[in-house]
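Asks: model this:
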Amino acid sequence: MKKKSTSQSAFFNLRILIAAVFCLGALAVALFAQTKSANPTQQSNRSVGAQDAPGTQTPDVVRLMGPVIQNTDLRSLPYVAPNTEIEEKRLTRYPHPEIPSPTNQSAYPRFETLVKQITPPTPTMPTPLLTFDGMNSSQSGCMCLPPDTDGDVGPNHYVQSVNSSIKIFDKNGNPLNGPNGTTYNSFFLTLVGTPCSGLNNGDGFVFYDHQADRWVVSDFAFPGTLPGSGPFYQCVGVSQTGDPVSGGWFLYAIQHDPANPTWIGDYPKLAMWNSGGSPAQNAYYLTVNLFNGVTLGFQGVRVFALDRASMLAGGAANTIAFNIPPAGLGDSYSLVPAGFRTGTPPPAGRDEFLISVDSPATGGVTLTQVHGWKFHVDFGTPGNSTLGIGVNHTPNANVTVAGFVDAFTSSTLLVPQNGTAQKLDTLGDKIMTPLVYQNRSGTESLWASQTVILNYPNGPTAIRWYQMNVAGGNFSATPVQQQSWTNGNDGLWRWMPSIAVDQNGNMAIGYSTSSATQEPSIRYAGRLASDPLNNLGQGEAVMTAGGGHQTHSSGRWGDYSMLTIDPADNLSFWHTNEYYPVTSSASWFTRIGKFRFPAASPTPTPTPTPTATPTPTVTPTATPTPTPGQITLTARGYKVQGRHTVDLSWSGATSSSIDVYRNGVVVATVPNNDFYTDHPNGRGHATYTYRVCEAGTGNCSNQVTVTF
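Replies: Down below sits the predicted model:
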């Protein structure tokens, strides 16, 4: 997110005032004619909401620029320095003055802190298995503040992103693409004809596509600074293989809103969704907040579906996009798309989910809703795509939650630090990334987190988290469970959360902590699936204790962290976040850490070590007959640009790796994620016989035949 001007012309304000007079008159008539919620910041109490019928909405269909094929090892790319970026003020739904207000804690939380010191709870959260430093301010070379730290883990790599660059590590923490990583300006240099070639400006994002064994990286790019007229683009890279260093990339670019070239898409967030079906719900979903680059006025939210199947093959690809105007958002913005890593994939044809919370214009408002949208995409017949309800794409559902207050008073700079009066930004006006979808034994859930403020306006801030069921593709009226996590009201300020869920249903949240007596640090807390509802019953652990604090006057921190699950075992959590080893103005560091719950149910066994005994060759006629409790396989075939594609889903396997057999031959050995997409790439009539086996063994599934 970029620097925002704090002044507007008098003429501009006068026009707003005149327009407001006329709008208020119309609004009064509308209010008289309708029954409204008692809380004016809340939207209607729709709980599940039907999806609009295909053909009733009009999406934007825009061809992505590219692909440009990048086959150069990242270590051999020419170095292109990043652009300098100090973000004094972030763009928000409503303008918030960044003037810190008093945030002294009330006497009651102080008393509770003393009590906790006398009788502290005994945490059972596991300690880190590994931590190592990620990118730091000096390595980034961009003078960025905040770092916008995120990252993801694959079978063999951890890829971290900060505002200027990506840095790739092996899973022991050794850097693989140089000590300073690869700048986005170097990475996207060959996207000539777009700002992605040399004009990258941050808000980077990276994630691992576990179904395809690919990586996706993205940031935005534009000439000049803000305020400015752009044009504004999103740059997207999809790896050609599972090797992000030397395996090659397909590079794409898309203008944020071609119909409004002066609009910037700020705070981009991405997720992968693939439930198959007909039409296939298979896309990379991208959300951005729209602001006029010249005036920095809020214009709404834009939601894109990028054609994942085509991008994985390095083909020409379209994006299907909708703009949700302010009228369809109410007081909310920053929609987060759902993605999944563990559990069974979504049922065939399940639409993508997105959620948001309100961010009122004034502080102290008690909010009681989470807003939910469904996105149905049809790349074959784009006009059948729909998002939300009606022409303004209002939410499909408003989930009623326990009341909370946005972490904002007269400012979002609320978090105290030890040894300085400088406060830090809460970013407490939005759901934080990621939004986790999990399907366990047929129970479909969304898991989300945000920052709230307690004891308004004194604080501290707390981590609010939710589990919301979405059975049948519909949002539940209320959450299954929720909590504002304070670790027993110990008085510590917690914010910047990121949530993840392992294959056993155990959940964890990584976040930042600070107080007037403790340096900003990185902690995490969690719960086992068997713990009582509405509580992080395993308590809290420290990933990295800060050794200093930030004194820069902007107070910017984050703007996000990231917690994800290792696809190699579906049990290990990897978290990355910001910290300071010593006090400085803006010389931030980042840390990457790994932890794992003790196995509460059978843990996948490691892939067997090869021996002198050859792996048996299995043919379709030699398929073992499955017995109860063994592996069950299902398959679904469809075509992508005329080429045969088959989604395989299985259950009952306990090994960490799976051999995938097509017509009696092993075509892939993949992590045991219960799902794999096979690309025979045939055309016309063909028959394929599949089964899966625990790698290197004869413990196999039933056979399934797919005919085209």
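
Asks: Only C-alpha atoms from now on, for both contacts and neighbour counts.
Replies: OK.

Asks: Return the residues in contact with the closest residue in space to Thr412 that isn't next to it in sequence.
Replies: In space, Thr412 comes closest to Asp425 once its chain neighbours are excluded; the distance is 5.3 Å by C-alpha to C-alpha, 6 or more residues apart in numbering. With contacts taken as C-alpha atoms under 8 Å, 6 or more residues apart in numbering, Asp425 has the following neighbours: Thr412, Leu413, Leu414, Val415, Gly555, Arg556, Trp557.

Asks: which of those has the most neighbours?
Replies: Among these, the one with the most neighbours (other C-alpha atoms under 10 Å) is Leu414, at 32 neighbours.

Asks: With respect to Pro581, which of the contacts of Asp425 is nearest?
Replies: Trp557 (14.9 Å; C-alpha to C-alpha).

Asks: and the closest residue to that closest one other than its chain neighbours, how many neighbours does it have?
Replies: With C-alpha to C-alpha, 6+ apart as the measure, Pro146 is the residue that lies nearest to Trp557, at 5.2 Å, once sequence neighbours are left out. Other residues lying near Pro146 total 26 when counted by other C-alpha under 10 Å.

Asks: where's the residue nearest the centre of the chain relative to Val192, distance?
Replies: In the chain, the C-alpha nearest the mean C-alpha coordinate belongs to Pro434, at 3.1 Å (C-alpha atoms, centre = their mean). Counting by C-alpha to C-alpha, to the nearest Å, the gap between Pro434 and Val192 amounts to 31 Å.

Asks: Next, Gly383: secondary structure please.
Replies: Under DSSP: H, G, I helix; E, B strand; the rest coil, the three-state class of Gly383 is helix.

Asks: Distance check, it against Ala421.
Replies: As it turns out, when the distance is counted by C-alpha to C-alpha, Gly383 lies 54 Å from Ala421.

Asks: ok, now Asp213?
Replies: Relative to Ala421, Asp213 is positioned 46 Å away (C-alpha to C-alpha).

Asks: Give me the more crowded residue out of those two.
Replies: Shown here are Asp213 and Ala421; by other C-alpha under 10 Å, Asp213 has more neighbours (18 against 13).

Asks: For the more buried one, which non-adjacent residue is spatially closest?
Replies: The shortest distance from Asp213 to any non-neighbouring residue, by C-alpha to C-alpha, 6+ apart, is to Gly242 (5.0 Å).

Asks: show me what contacts that neighbour?
Replies: By C-alpha under 8 Å, 6+ apart, Gly242 lies in contact with Asp213, Arg214, Trp215.

Asks: Quick check: closest non-adjacent residue to the second one.
Replies: This points to Arg214. In space, Arg214 is closest to Gly242, 5.0 Å off (C-alpha to C-alpha, 6+ apart).

Asks: same deal with the last one?
Replies: Sequence neighbours aside, Tyr208 is the residue nearest to Trp215 in space, at 4.6 Å (criterion: C-alpha to C-alpha, 6+ apart).

Asks: name the element that neighbour belongs to?
Replies: Using DSSP states H and E, Tyr208 sits within strand 200-209.

Asks: Same question for stretch 401-419: list its buried residues.
Replies: Across stretch 401-419, burial judged by 16 or more other C-alpha atoms under 10 Å covers 401, 404-418.

Asks: What is the nearest of those residues to Arg494?
Replies: The shortest approach to Arg494 among those belongs to Val415, at 8.6 Å (C-alpha to C-alpha).

Asks: Can you lay out the contacts of Gly242 as a markdown table showing secondary structure?
Replies: Compiled in a markdown table, the contacts of Gly242 are given as follows (three-state DSSP):
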| residue | secondary structure |
| --- | --- |
| Asp213 | coil |
| Arg214 | strand |
| Trp215 | strand |
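
Asks: coming back round to it: for the residue nearest to Trp215, give me its contacts.
Replies: Contacts for Tyr208 (C-alpha under 8 Å, 6+ apart) come out as Asp152, Val153, Gly154, Arg214, Trp215, Val216.

Asks: do the same with Asp678
Replies: Asp678 makes contact with Thr645, Val646, Asp647, Leu648 under the criterion C-alpha under 8 Å, 6+ apart.

Asks: among the residues you listed, which are in strands?
Replies: Residues of the contacts of Asp678 located in strands (DSSP state E): Thr645, Val646, Asp647, Leu648.

Asks: and which of those is nearest Phe379?
Replies: Distance to Phe379, by C-alpha to C-alpha, is smallest for Thr645 among these, at 15.8 Å.

Asks: mind checking how far that closest one is from Ser651?
Replies: Distance, Thr645 to Ser651, by C-alpha to C-alpha: 20 Å.

Asks: circling back to that earlier point, buried among the contacts of Tyr208? Make that a ChimeraX selection.
Replies: Typed into ChimeraX, the next command selects the buried ones out of the contacts of Tyr208 (criterion: 16+ other C-alpha under 10 Å):
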select :152,153,154,214,215,216
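
Asks: Tabulate the contacts of Tyr208 (a markdown table), appending distance to Thr92.
Replies: Output for these, formatted as a markdown table (distance: C-alpha to C-alpha, whole Å):
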| residue | distance to Thr92 |
| --- | --- |
| Asp152 | 27 |
| Val153 | 30 |
| Gly154 | 33 |
| Arg214 | 33 |
| Trp215 | 30 |
| Val216 | 26 |
